[in-house]
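1. curious how this folds, go ahead:
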Amino acid sequence: MSVDIDRFGQCRILVVGDLMIDHYVWGEVDRISPEAPVPVVAVTSEDDTLGGCGNVVNNVVALGGRVFLTGVVGTGADGDMILAKCGALGVDVDGVIREPDRPTTRKTRVFAANQHVLRIDRETRRQIAAASFEALVAAVEKKIGDVDVVVVSDYGKGVVTPALLARVVKTAKSAKKPVVADPKGMDFSRYAGATVLTPNKKEAGLAAGIRIIDTAAMESAAKRLMEGVAIENLLVTCGKDGMVLFEQGKKPFKIAAEARQVYEVSGAGDTVVAVLALALAAGASLRSAAALANTAAGVVVGKIGTATVSRRELAAARDGAADPTAVKVKRFEELALLAQELRKKGKRVVLTNGCFDLLHAGHVRLFSASKQLGDVLIVATDDDDSVRRLKGPGRPVIQARERVRILSALDAVDYVVVFDSGRLDELLTVLRPDVLTKGSNYASEEVAGRELVERFGGRVELIPVTEEISATRIIDSIRNNGR
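-> Reported below is the predicted structural model:
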């Protein structure tokens, strides 16, 4: 049974879990402190993103699902930030409780020269107050009738207590709503009654007390967990080896991972949980949902930065679309999350923009040289109306949808976005590229957006143009029969 991905837009997911801020600090190191043998990091930029169960929220939203969020934050600025970021995503935060005297979990990661040099955690792991517990239970009971699936995302910060889990599972079962739980720690008895548990292989082995070194050990561990913990189904993720779904009374269902280059593995587990929940909400069987989640994980680990997958990307990967480069194409609305993830991972972003109406050798050299200036090259191409305004009647010769396919096929290009040239400042503000490139047929002061890029700490780089070649000249020559 194929999963109807288009139905994800009507699916409603209740996410219960630990909310936190992931704070990223980037800088440069050119000396050692005279006070201690530690590097001195000169900060160049900082960024804040949703962490913890917020990663699941991001994935559900990226796939078009609606999220009802339940968790606990403090009453300070970090709590305000979480609510604001969730609000910007259209997330229902009525179930987020603000607990006085409880800090909002904040993890600060410091990067220098693209190396992770330090992490600072500000948090408490004490259990939430009794009043917060009752408020969370009330929120779950209030929302349960409006959702299709419940996701429990446990990061061990004192919110997802055994008592809360028991009440959530009981409420969901009474309403006949599946519960997908991403576990934390070695005691899986906390998750008794969940519809499906999604540990990775290491977590499953530790919880079962069995070192998983082969298929037999995996099956023994799963049997021990399912018999001893009263878990209905167990989906064990195995990295490059795919997944194995264990169901009561059935043979293990093995799902092979598709061979692909792996760039990032962090965040893949949250993608699995989100897709599994959405597929179940869309009416898929557990096996079909698990297979789709495996496909989604394969897309995510093949990306350089972002840890989410869109419906378009997921459908293309599942259906074996003839155009594997479709994953490079981003909607303008997806850029903020992409930029956030790239900065989070310390990637140096290069942006170049233009009409690219009839790609020629000069463009290819521009892209190749641009990619050498950073880790990720994003190409922004003008939409058809913009090209028409800039180039005049009869343009573009090649429509935007075809230009995108051509640009995406180039190895040097990591992402492509179609935009209206009138939104250039908005594009630059969202992406904040480290480098903006243009051909040297421009003067630096003529490059649109230069001041904005430099204000954000980036620079404009002019790529040498050694030949008199332009799309307009080629098109005019063709129209004039080569004259």
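2. my read: residue 347 touches residue 376, true?
-> Yes. With contact defined as Cβ atoms under 8 Å, residue 347 reaches residue 376; the gap is 5.1 Å. C-beta coordinates here come from the backbone N, C-alpha and C atoms, glycine included.
3. which residues touch residue 206?
-> By Cβ atoms under 8 Å, 6 or more residues apart in numbering, residue 206 lies in contact with residue 186.
4. that one belongs to a helix, doesn't it?
-> Yes. Checked against DSSP: H, G, I helix; E, B strand; the rest coil, residue 206 lies within a helix.
5. list the residues that contact residue 335.
-> Here residue 335 is in contact with 417, 427, 430, 431 (Cβ under 8 Å, 6+ apart).
6. out of the residues you listed, which is nearest to residue 45?
-> residue 431 (12.9 Å; Cβ to Cβ).
7. any low-confidence regions in this structure?
-> Low-confidence segments of the chain (pLDDT under 70): 1, 114, 258-267, 302-306, 321-325, 441, 444, 466-483.
8. picking that back up, could I get the contacts of residue 335 as a markdown table with distance to residue 312?
-> Putting the contacts of residue 335 into a markdown table (distance: Cβ to Cβ, whole Å) gives the following:
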| residue | distance to residue 312 |
| --- | --- |
| 417 | 13 |
| 427 | 20 |
| 430 | 20 |
| 431 | 20 |
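9. could I get those residues as a markdown table with secondary structure, neighbour count and distance to residue 150?
-> Formatted as a markdown table, these follow (DSSP: H, G, I helix; E, B strand; the rest coil; neighbours: other Cβ atoms under 10 Å; distance: Cβ to Cβ, whole Å):
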| residue | secondary structure | neighbour count | distance to residue 150 |
| --- | --- | --- | --- |
| 417 | strand | 24 | 35 |
| 427 | helix | 21 | 38 |
| 430 | helix | 18 | 33 |
| 431 | helix | 24 | 36 |
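10. farthest pair in these?
-> Based on Cβ to Cβ, the longest span within those runs between 417 and 430 and measures 10.0 Å.
11. next secondary structure after the helix or strand residue 269 falls within?
-> Here residue 269, judged by DSSP states H and E, is contained in helix 268-281. Proceeding N to C from helix 268-281, the next assigned helix or strand is helix 286-301, under DSSP H and E.
12. tell me the domain ranges of the chain?
-> Domains of the chain are assigned by automatic domain parsing as 5-327, 348-479.
13. ok, which stretches of the stretch 351-483 of the chain are strands?
-> Per DSSP state E, counting those that start in this stretch, the stretch 351-483 of the chain carries strands over the ranges 376-382, 415-419, 435-439, 459-463.
14. out of the ones you listed, which is closest to residue 96?
-> The nearest among those, by Cβ to Cβ, is strand 415-419 at 32.1 Å.
15. what angle do strand 376-382 and that closest one make with each other?
-> Strand 415-419 and strand 376-382 are oriented at 20 degrees to each other (axes from the mean of the first three to the mean of the last three Cα atoms, to 10 degrees).
16. direction included, what does strand 415-419 pair against?
-> strand 329-330 (parallel), strand 376-382 (parallel) (DSSP bridges).
17. highest mean neighbour count out of those strands?
-> strand 376-382 (a mean of 24; mean count of other Cβ atoms under 10 Å).
18. check the offset of it from the chain's centre.
-> Relative to its chain's centre, strand 376-382 lies at 19 Å (Cα atoms, centre = their mean, to the nearest Å).
19. using CSV, write out every CA atom in it.
-> Presented in CSV, the C-alpha positions along strand 376-382 are these (Å, rounded to 0.1, in the frame of the first residue of the first chain):
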residue,chain,number,x,y,z
VAL,A,376,27.8,25.1,-0.3
LEU,A,377,26.8,26.9,-3.5
ILE,A,378,23.3,28.3,-3.8
VAL,A,379,22.2,29.5,-7.2
ALA,A,380,19.2,32.0,-7.2
THR,A,381,17.7,32.3,-10.7
ASP,A,382,15.1,35.0,-11.6
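20. was I right to think residue 430 contacts residue 339?
-> Yes. Here residue 430 lies in contact with residue 339, judged by Cβ under 8 Å, at a distance of 5.9 Å.
21. what segments of the stretch 201-350 of the chain are helices?
-> Under the criterion DSSP state H, counting those that start in this stretch, helices of the stretch 201-350 of the chain are mapped to 201-208, 215-229, 268-281, 286-301, 311-319, 335-344.
22. ok, back up a step: closest one to residue 299 among the strands of the stretch 351-483 of the chain?
-> Proximity to residue 299 (Cβ to Cβ) singles out strand 415-419 among the strands of the stretch 351-483 of the chain, at 13.8 Å.
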